[in-house]
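Novice: Sequence first, then the predicted structure:
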Amino acid sequence: MPHSIIVIGAGIGGLTAGALLACRGYDVTVYEQADVPGGCASSFKRQGLNFDVGATQVAGLEPEGIHQRIFAELGIDIPPATPCDPACAVFLPGETEPIQVWRDSKKWQIERQKQFPGSEPFWQLMGKLSRASWNFQRRDPVLPPCNIWDLWQLISALRLDTFVTVPFVFMTVVDALRLYGLANDQRLKTFLDLQLKLYSQVNADETALLYAATALAVSQAPQGLYHFQGSMQVLSDCLVEALEKHGGKLKLGYSIEQIYPQNNHVEQVTIHHQKTGETRIETADHVVANVTIQNLIKLLDISPSLFWKLYQNRVEKLPRPSGAFVVYLGVDRRAIPDKCFPHLQFLYDYTQPISENNSLFISVSKPGDGRAADGKATIIASSFTDPQIWFNKTPEAYKALKRQYTSEVIARLSSYFYITPDTLIHQEAATPCTFARFTARDKGIVGGVGQRVSTFGPFGIATRTPLNNLWLVGDSTHPGEGTAGVSYSALTVVRQIEMSR
């Protein structure tokens, strides 16, 4: 009999783990509480328009990239995608000419030297660290290691080029800026804050330097960001196809109510069908949880061991994650300026935090990309927000706050786009409450655990939990958020399960 696997959650991490395990001969069932797979990388339709729920760009499609490697093993083709070049156009307060983050490394070097004179030594250091870090990651280290096998995978991934990173393990980005006398360069630090908030969930003062070097390099070849044809949903659709091709099953509309530990092992879960109300207990050899670390703690509402209590205490002490406020607009193509960049980032006030509509990350559909019919376009604008301000409100207070935030975003957008009653076709917004409802992520949080020195890489949250046969995949684990990051975590769990058998 093949070993049985229950996967909780059909986000990209859960689907990847499930498809790979099914491909390797396991009996896999993936349970998803929503009606569609994909989680924060799913899509929805309105009036013939395709909107990406959260993620709008994807990394890891290049040769030897994580998605390319996984799709090759699964025997399926990578969906059609086009490179993002530039990956993003960043507008700082009061400026009308953007900082263009080019895919071509030479063009990006010219751009940054023009935008940030005197900063090239800093960028050269980041380039050296990123090359070493990317090479290290491609060798599939297990971080943080939790047993002898994990440690051996980490040691096996080390090479001479890896040791160049050792002096920088405990440094933040702002430490490196100080090293080169750039800590008072407001434009440079603000640009880094904006970019890092997208990748690491924290700014340059807090982001671990080694993580930042890798994350900031993801925009340039030979890595690079891509835009899927149609929508982000095609990635999860392909993974579902692979899961079912290899005998795995996807069950939509099912939530996991509780995980039961027995003698420091996990073997049983309580499954609840959302529509019928049926509840039953299922047994499996392994449980793979594609949830946030905060959700995982809630699924085990008892403390089965001292190690689990320590684990729980650590999670409770993590800094509070961010949520997202997102506005989805369908517009007439006339609303889009000529030569508009497909991905833009705006900061409106230097003196305010990068949240609550003071910064916007914007994705604009291109003609022919499958998101809107001829003559129409989609605009998706997101801002970080404190999840706490959206919960425990009266319905009236919640609706008023949502209207206020929506009006502020549309007013911001109208300073760049031509948004009028004549060009606006569709409008809706999502708050942390929306994300909590549709993705079941605790408080609707996004982006996983912030990549501070204390929570990244060797000091991060492991895929191996303190309970045997219970595994964690997703953006809470190494190497962090994004479809590429969660796919690495899925591959790590698959390798660990293989060795445990």
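Specialist: Structure received. Bear in mind the structure is a predicted one, so any value in this text is a computation, not a measurement. Numbers count the residues shown, from 1 in each chain.
Novice: Would you give the sheet partners of whichever helix or strand residue 251 is part of, along with the direction of each?
Specialist: Using DSSP states H and E, residue 251 sits in strand 249-252. Its sheet considered, strand 249-252 pairs with strand 27-32 (parallel) by DSSP bridges.
Novice: got a list of contacts for the strand it pairs with?
Specialist: 1-10, 14-15, 18, 21-22, 37, 243, 247-256, 271, 282, 284 (C-beta atoms under 8 Å, 6 or more residues apart in numbering). (Glycine included, C-beta is placed from N, CA and C.)
Novice: cool, stretch 313-326 as well?
Specialist: 54, 201, 292-294, 297, 355-357, 380-388, 390, 405, 409, 429-432, 435, 443-450, 452, 455.
Novice: Of all the residues in it, which ones are buried?
Specialist: By 16 or more other C-beta atoms under 10 Å, the buried positions in stretch 313-326 come out as 315, 318, 321-326.
Novice: ends of it, how far apart?
Specialist: With C-alpha to C-alpha, to the nearest Å applied, stretch 313-326 spans 32 Å between its terminal residues.
Novice: can you check stretch 246-257 too?
Specialist: For stretch 246-257, the end-to-end distance is 27 Å (C-alpha to C-alpha).
Novice: ditto for stretch 211-225
Specialist: Note: stretch 211-225 ends 17 Å apart using C-alpha to C-alpha.
Novice: now stretch 131-147
Specialist: 28 Å.
Novice: Repeat that for stretch 254-271.
Specialist: 7 Å.
Novice: Average pLDDT for it, rounded please.
Specialist: On average, the pLDDT along stretch 254-271 is 89.
Novice: mind listing what's buried in it?
Specialist: 254-256, 258-261, 266-269, 271.
Novice: starting at the chain centroid, how far to that stretch?
Specialist: Mean-position distance between stretch 254-271 and its chain equals 26 Å (C-alpha atoms, centre = their mean, to the nearest Å).
Novice: Number the chain from 52, please
Specialist: Happy to do that; since the first residue is 52 now, the last one works out to stretch 305-322.
Novice: just the strands in the stretch 202-351 of the chain please.
Specialist: 276-279, 300-303, 305-313, 316-324, 330-334, 337-340 (DSSP state E, counting those that start in this stretch).
Novice: Now tabulate these in a markdown table and tack on distance to residue 522.
Specialist: Putting the strands of the stretch 202-351 of the chain into a markdown table (distance: least, C-beta to C-beta, whole Å) gives the following:
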| stretch | distance to residue 522 |
| --- | --- |
| strand 276-279 | 28 |
| strand 300-303 | 18 |
| strand 305-313 | 11 |
| strand 316-324 | 9 |
| strand 330-334 | 16 |
| strand 337-340 | 5 |
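Novice: Can you check which of those gets nearest to residue 381?
Specialist: strand 276-279 (18.1 Å; C-beta to C-beta).
Novice: about what we covered before: from the contacts of stretch 364-377, which ones fall inside helices?
Specialist: Taking DSSP state H as the definition of helices, these contribute 344-345, 348, 456, 460, 483, 486.
Novice: In those, find the pair that's most separated.
Specialist: Most distant of those, by C-beta to C-beta, are 348 and 460, 32.9 Å apart.
Novice: neighbour count winner among these two?
Specialist: More neighbours surround residue 460 than the other of residue 348 and residue 460, with 22 against 19 (other C-beta atoms under 10 Å).
Novice: what's the closest non-adjacent residue to that one?
Specialist: residue 378 (4.5 Å; C-beta to C-beta, 6 or more residues apart in numbering).
Novice: Also residue 60?
Specialist: Per C-beta to C-beta, 6+ apart, closest to residue 60 is residue 341, 3.5 Å.
Novice: what does residue 359 give?
Specialist: Nearest one to residue 359, counting by C-beta to C-beta, 6+ apart, is residue 517 at 4.9 Å.
Novice: Was I right to think the one you found contacts residue 356?
Specialist: Yes - between residue 517 and residue 356 there is a contact at 6.5 Å, judged by C-beta atoms under 8 Å.
Novice: Please enumerate the shared neighbours of the two.
Specialist: Common neighbours of residue 517 and residue 356 (C-beta under 8 Å, 6+ apart) are residue 315.
Novice: okay, the two: which has more neighbours?
Specialist: residue 517 (18 against 13).
Novice: ranges for the helices of the protein?
Specialist: Under DSSP H, the chain gives helices at 63-74, 117-125, 156-166, 171-189, 199-208, 224-230, 237-251, 260-268, 284-296, 344-350, 357-367, 446-464, 483-490, 533-551.
Novice: Distance to residue 131 for those helices - can I get that in TSV?
Specialist: Formatted as TSV, the helices of the chain follow (distance: least, C-beta to C-beta, whole Å):
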stretch	distance to residue 131
helix 63-74	18
helix 117-125	13
helix 156-166	25
helix 171-189	25
helix 199-208	32
helix 224-230	35
helix 237-251	24
helix 260-268	25
helix 284-296	8
helix 344-350	33
helix 357-367	40
helix 446-464	29
helix 483-490	26
helix 533-551	16
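Novice: Of all these, which one is nearest residue 424?
Specialist: Closest among the helices of the chain, using C-beta to C-beta: helix 284-296, at 17.5 Å.
Novice: Which strands or helices does the closest one pack on?
Specialist: helix 63-74, helix 117-125, strand 300-303 (3 or more C-beta pairs under 8 Å, 6 or more residues apart in numbering; DSSP states H and E).
Novice: Now find how far off-centre the last one is within its chain.
Specialist: Taking C-alpha atoms, centre = their mean, the mean C-alpha location of strand 300-303 is offset from the chain mean by 23 Å.
Novice: Check the longest one too.
Specialist: Distance of helix 63-74 from the chain centroid (C-alpha atoms, centre = their mean) equals 17 Å.
Novice: what comes up buried for it?
Specialist: 63-74.
Novice: residues contacting residue 511?
Specialist: With C-beta under 8 Å, 6+ apart, residue 511 has these contacts: 194-195, 500, 528-529.
Novice: Tell me the bridge partners for residue 305.
Specialist: residue 324.
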